[in-house]
Structure formats: structure tokens, C-alpha cells
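A.B. asks: mind looking at a prediction? Sequence and model below.
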Amino acid sequence: MKMTFRHYGDSDPVSLEKISQIPQIYSIVSAVYDVPAGGVWSRESIKKIKDDAEKHGLKFEVVESVPVPEDIKLGNENAPALIENYCENIRRLGEAGVKCVCYNFMPVFDWLRSELERKSSDGSNSLAYDENTVLSMDPVKGSLSLPGWDESYTKEGLKDVLSQYENITEEMLWDNLAAFLKKVIPVAHEAGVNMAIHPDDPPWGIFGLPRIITNEQNIERFLKIVDMKENGLTFCTGSLGADVNNDLIHMIHKFGDRIHFAHIRNIKHTGYRQFHETAHPTSCGSLDIYGITKALHDVGFDGYIRPDHGRMIWGETGRYGYGLYDRALGAAYINGLWEAIDKLSRGE
Ligand code: DNO
């Protein structure tokens, strides 16, 4: 296992120096942020991320994300050229020493929450999701503000892209994903890069849009589309764990050798499709983080892990879910679990 930490580039208040001071961080997880989805990343920009990381004793082996433009997910006439650009990015990242690329295939919206600052009695706050609130929102009328997408579209742009999805069924989305994988995975194989799809967050359809990377059965179908090691997963515990029907430990055992990246975080279920994010330890939420970490160890996981969203604690403000303190505590906790599990397994 190699512990990593997400870094959002020069504008991230959590600097590389701060990340380098967290014990046992091996690599940053980053991306080129100034090229719109679908564009080709310059070799200079990729090299700059790597050089800056190395100046702080960190590697740059994981990208999150190379975003998949909507035209590819829609499978329209622009898709073939954009898939070619995507392949070029994978080649360039491989040349620069990147070994794992996280991406998702969620139409229009990435991760979705109904609240950004759910207060806890201890004074911390975290992201929360309540299906009732989400169902009462109208994304086109803009009656909500959510991270991950509300800055990305104008109201007209959002209306337009939503209307393009009106006739896209789940099966069509599967076809468009297959067309993408059949081109990209062989290139990733040549480039020495493992592709790691991120599950849909939350793992069910929203606003009438199809979502397909949601559960064991669908992940099995996904992995078979191109049955190569490079066609793999980001195992995001908070995303998959939002659906109480997903048995995370069983899924790790089942998909073990295809998991290249793990996002570890805990959530507390408070009702049907209602949850909020908590600190990482098992006792703080509804997910068995110890059991999940042990399952990864048991299947011989040697990919990348990062602590996922943290709460905002100690008065920190910043990018929701991506502050320094709680994620650093999460990394330390997971590293501690791993050391203990590893030593015990060797009888030490
Ligand atoms: C949120 C993240 C996601 C993730 C993308 C991967 O915190 O886990 O935004 O980066 O879905 O493509």
C-alpha cells in the first residue's frame, strides 16, 4: 500500500510543504487544472506537478482526475476525437511516471451533497446528503449550491447538457462507456498506467440522469467489458458505502486484483438515503474502516490509498471535504491500522 494525499495545485491552501509534513505520505494525487475536459495536457504542465512534488520529497504517481467530457459519455459525433485526446493524455502521463489514473463516468454531476457544512455537536462540520432535500431541488432553476459542479456550468449550459441526456438510457451509457474503454485501456496498457474508475457518488440515479457504477453486479459487468488488469477500480468506501446494500468487504475480496486506488472515508447513515461524513475511525461512523483496511491487506493490495473527505475541524476553512487537519488524521489512522494488520499477519 502506498499512502497518498490529494493536492489541488498552486491554488490549494493545503500546500505541498504541509502535505510533506504528514507522516508517511508517498505520493500526491493531482491533475492539470487549467485545461478544460477533453483537452490535451501539455508535457510542461505535467512535468511541473512532478517537479514541484519532488522538491518536497513526494512522488506524483496518481492523477485524479483526467475528466471525461460529456460528449464521450453522450457518445455523440465529437466522441471519437475526444477519446483520441484522452488516450494522448494517458500516454503523456505514463511517460512522466504516473501509474494510476482515476476518472469517473457520471453524467453531468460529480459527487453530490445537499449540505456542505452540517454542524456536529463538537463544533466541527462536514458534508451531508439527504435525498429528500435533493429531490426537492431543481438543478436548472438553480435552487441549490453544490460542490463539484455548480461552478462548472452557467444555468443555460446546465439546461443544455441536461437536455442532451434526456434520451440517454442506462444501456446507452454502458455502450458509450464500452466504446471509451475499448480505445483507452489498450493505450493504458502500453503506457504502464492503471485506469481506476471512481464509483458514482451517491451510487444511484439523480435528477433522472443514469448512473451505472453503483454496485457489485454493475462493477462486475464493468470489469468484463475489457477484461484486463488496467481496466480497474477506485474503491471509494464513502461512495459505495452510501448504499447500505453494498457489502464493501465482500466486494474487496471479489474485485481485489482490479482495485488500484482506494479512497477511504467513513459516513454515518441517519435514514434512508441520508448520511453525513464523519472522521475516519470505524467507531465514528457506520462503515467498518478497520475491516475494509484488513480486507485490502488480505487481498494483497499494493496500490494507492488516500484519506478521502475530512471534516472541517479546529476552525479550518477551505475546500469542502479537502481541508488539511482531518484528512491528515485519517492518513495517520489508516497507516496505523495497516502497520498493525501487516505485522500481525506476519506473526510479529
Ligand atoms: C470527490 C472525489 C470525486 C472524484 C472524481 C473522480 O471528493 O472523490 O470528485 O475525484 O469523481 O473522477
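C.D. replies: Cool, got the structure.

A.B. asks: run the chain-centre distance for stretch 91-99.
C.D. replies: Centroid displacement of stretch 91-99 relative to its chain, using Cα atoms, centre = their mean, to the nearest Å, is 19 Å.

A.B. asks: span of it from start to end?
C.D. replies: Stretch 91-99 has its terminal residues 11 Å apart, counting by Cα to Cα, to the nearest Å.

A.B. asks: now what about it, what contacts it?
C.D. replies: The contact list for stretch 91-99 (Cβ atoms under 8 Å, 6 or more residues apart in numbering) reads 40-41, 43, 46-47, 50, 59-63, 66, 101, 187-188, 190-194. (C-beta placed from N, C-alpha, C; glycine too.)

A.B. asks: and the helix or strand bottoming out on mean pLDDT in the chain, what does it pack onto?
C.D. replies: When each helix and strand of the chain is scored by mean pLDDT, DSSP states H and E, helix 155-164 comes last, with a mean of 86. Packing contacts for helix 155-164, counted by 3 or more Cβ pairs under 8 Å, 6 or more residues apart in numbering; DSSP states H and E, involve helix 70-74.

A.B. asks: which stretches in the stretch 201-348 of the chain count as helices?
C.D. replies: For the stretch 201-348 of the chain, applying DSSP state H, counting those that start in this stretch gives helices covering 216-225, 237-240, 248-255, 289-298, 325-345.

A.B. asks: the fourth one versus helix 248-255: what angle between them?
C.D. replies: Helix 289-298 and helix 248-255 are oriented at 10 degrees to each other (axes from the mean of the first three to the mean of the last three Cα atoms, to 10 degrees).

A.B. asks: now do the first one
C.D. replies: Orientation check (the same axes, to 10 degrees): helix 216-225 against helix 248-255 gives 20 degrees.

A.B. asks: of all the residues in helix 216-225, which ones are buried?
C.D. replies: Buried residues in helix 216-225, defined by neighbour count with 16 or more other Cβ atoms under 10 Å: Glu216, Asn218, Ile219, Phe222, Leu223, Ile225.

A.B. asks: any stretches of the chain with poor pLDDT?
C.D. replies: Residues of the chain meeting the criterion pLDDT under 70: 142-152.

A.B. asks: got the residues of it near the ligand?
C.D. replies: Counting by Cβ under 6 Å from any ligand atom, the residues of the chain close to the ligand are Glu64, Ser65, Cys102, Tyr103, Asn104, Asp110, Trp111, Gly148, His198, His263, His309, Gly321.

A.B. asks: and Val68, how many neighbours does it have?
C.D. replies: 22 (other Cβ atoms under 10 Å).

A.B. asks: and it, its phi and psi?
C.D. replies: With angles defined as degrees, to the nearest 10, Val68 sits at phi -90, psi 120.

A.B. asks: that one contacts Asn104, doesn't it?
C.D. replies: Yes - in this structure, Val68 is within contact of Asn104 by Cβ atoms under 8 Å, at 7.2 Å.

A.B. asks: phi and psi next, for the closest residue to Tyr333 other than its chain neighbours.
C.D. replies: Among residues not flanking Tyr333 along the chain, His280 sits closest, at 5.0 Å (Cβ to Cβ, 6 or more residues apart in numbering). Main-chain dihedrals, His280, degrees, to the nearest 10: phi -70, psi -40.

A.B. asks: strands of the stretch 101-250 of the chain, start to end?
C.D. replies: If DSSP state E, counting those that start in this stretch is used as the criterion, the strands of the stretch 101-250 of the chain fall at 115-119, 125-130, 194-198, 231-236.

A.B. asks: how much space separates the residue sitting nearest the centre point of the chain from Ile213?
C.D. replies: Centroid-nearest residue in the chain: His198, 4.9 Å away (criterion: Cα atoms, centre = their mean). Plainly put, His198 is 7 Å away from Ile213 if you go by Cβ to Cβ, to the nearest Å.
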